[in-house]
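S.K.: sequence isn't available, so here's the structure alone:
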């Protein structure tokens, strides 16, 4: 009973995580939800475990639960990878904004009216300027 | 030879640690009368100094983000400069500045929005066997995933009209950007054309180019992108 409670809490957390990812990563979310729901069913109906394992060609019920847990773990790893990708996109946007705002532009032949936000450094004797407030 | 035209052509050169070749590349482009923006992708060598000495503009990423991100930054800059045509041009010296005028002319004569360079249409070239096989596999992959029938899918020399460049939504920062550009070309439904171009392979450009093992990472990146919004 104690193990069942602990597993239920863990699988409940996976369900919650899947639910929070429904909008951003629907495929990952549904995989998590399906695997966690299946896991909960097997935890509370252990008698069916061996029967289902036999139906899908695994043999032992314990192995089925282990495979299911491996699937959930891989799914969570993929979810973490996607989260990291999103953070990378944010970093890229930020870096691009900074880079464009500080672009080196040679002033002798680049049209001044290129962007309304271009500000020119005046009277410093240089042939270049930096763009200001230019967005990606 | 300088280009005499009322059109504004901006060349976007992404560069990461290219101090060995960048000056030569920029000198040739400027001699042809093009405006050049170098996107320094967080280089640790003298790339930025060389670019600021020669290019019309330099946009420097504060950290290394990848060639795809550098191209997207360069396109954003060129669009903000009211470019009529935008050309992507590698900084490792493998492209020829003389091919650009033909690409722009082809865009105009065919009323296309994308001119994609192809090394396989330019007659017999010395292309290493492994690279040839890799590129062949990439063309099949592109045909299957985008429907585009191309002979060369990973050529860094491309020319876009303003409309074409604005239609590209590039999010792949690193190696998968070439495949993403083609995917965006297909999604845009704007007309495209392939143009024969010559690639000058050197030990340097081959060392910096993609390897067979990179193809696996590209596939993973493209797959991961499909999984989230």
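M.R.: It's in. These numbers were taken from a predicted model, which means no experiment stands behind them.
S.K.: flag every residue of chain B that's near chain A.
M.R.: Residues of chain B found near chain A (C-beta under 8 Å from any C-beta of the partner chain) are B:8, B:35, B:39, B:51-52, B:55-63, B:65, B:69, B:72-73, B:76-77, B:80-82, B:171, B:173, B:224-225, B:227-229. For glycine as for every other residue, the C-beta is placed from the backbone atoms N, C-alpha and C.
S.K.: so where do the strands sit in chain A?
M.R.: A:104-106, A:128-130 (DSSP state E).
S.K.: those strands: lowest mean pLDDT?
M.R.: The weakest mean pLDDT among these belongs to strand A:128-130, with a mean of 50.
S.K.: quick one: contacts for residue B:132?
M.R.: Neighbour list for residue B:132: empty [criterion: C-beta atoms under 8 Å, 6 or more residues apart in numbering or on different chains].
S.K.: where in chain B is pLDDT low?
M.R.: Scanning chain B for pLDDT under 70 picks out B:1-6, B:124-125, B:206, B:209-213, B:215-216, B:225-229.
S.K.: how about the strands in it?
M.R.: B:9-15, B:35-40, B:57-60, B:85-88, B:114-118, B:158-161, B:192-196.
S.K.: dump the residue contacts of residue B:16.
M.R.: By C-beta under 8 Å, 6+ apart, residue B:16 lies in contact with B:40, B:41, B:42, B:43, B:47, B:64, B:67, B:70.
S.K.: one step back: need the strands of chain B in JSON lines (columns: mean neighbour count and distance to residue A:4).
M.R.: What follows is the strands of chain B, written out as JSON lines (neighbours: other C-beta atoms under 10 Å in any protein chain shown; distance: least, C-beta to C-beta, whole Å):
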{"stretch": "strand B:9-15", "mean neighbour count": "27", "distance to residue A:4": "56"}
{"stretch": "strand B:35-40", "mean neighbour count": "27", "distance to residue A:4": "57"}
{"stretch": "strand B:57-60", "mean neighbour count": "26", "distance to residue A:4": "58"}
{"stretch": "strand B:85-88", "mean neighbour count": "26", "distance to residue A:4": "59"}
{"stretch": "strand B:114-118", "mean neighbour count": "25", "distance to residue A:4": "60"}
{"stretch": "strand B:158-161", "mean neighbour count": "27", "distance to residue A:4": "60"}
{"stretch": "strand B:192-196", "mean neighbour count": "20", "distance to residue A:4": "60"}
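S.K.: sorry, back to before: any idea which of the contacts of residue B:16 is closest to residue B:134?
M.R.: Set against residue B:134, the nearest of the contacts of residue B:16 by C-beta to C-beta is residue B:67 (17.0 Å).
S.K.: tell me the bridge partners for the nearest residue to that closest one once chain neighbours are set aside.
M.R.: Leaving aside its sequence neighbours, residue B:67 sits nearest to residue B:14 (C-beta to C-beta, 6 or more residues apart in numbering or on different chains; 5.1 Å). Judged by DSSP bridges, the bridge partners of residue B:14 are residue B:39.
S.K.: surely residue B:14 meets residue B:43?
M.R.: No. Applying C-beta atoms under 8 Å, one finds residue B:14 not in contact with residue B:43, separated by 10.6 Å.
S.K.: give me the phi and psi angles of residue B:173.
M.R.: phi -70, psi -30 (degrees, to the nearest 10).
S.K.: go ahead and confirm it touches residue A:90.
M.R.: No. Counting by C-beta under 8 Å, residue A:90 is not a contact partner of residue B:173; they are 11.6 Å apart.
S.K.: and those two? which has more neighbours close in?
M.R.: Per other C-beta atoms under 10 Å in any protein chain shown, whichever of residue B:173 and residue A:90 has more neighbours is residue B:173, with 25 against 10.
S.K.: for that one, give me its contacts.
M.R.: Counting by C-beta under 8 Å, 6+ apart, residue B:173 has contacts A:88, A:89, A:92, B:65, B:66, B:68, B:69.
S.K.: that one and residue B:153: what is the separation?
M.R.: According to C-beta to C-beta, to the nearest Å, residue B:173 stands 19 Å off from residue B:153.
S.K.: check residue B:84 too.
M.R.: Residue B:84 is 26 Å from residue B:153, by C-beta to C-beta.
S.K.: neighbour-wise, which of these two wins?
M.R.: Using other C-beta under 10 Å as the criterion, residue B:84 and residue B:153 rank with residue B:153 on top: 22 against 15.
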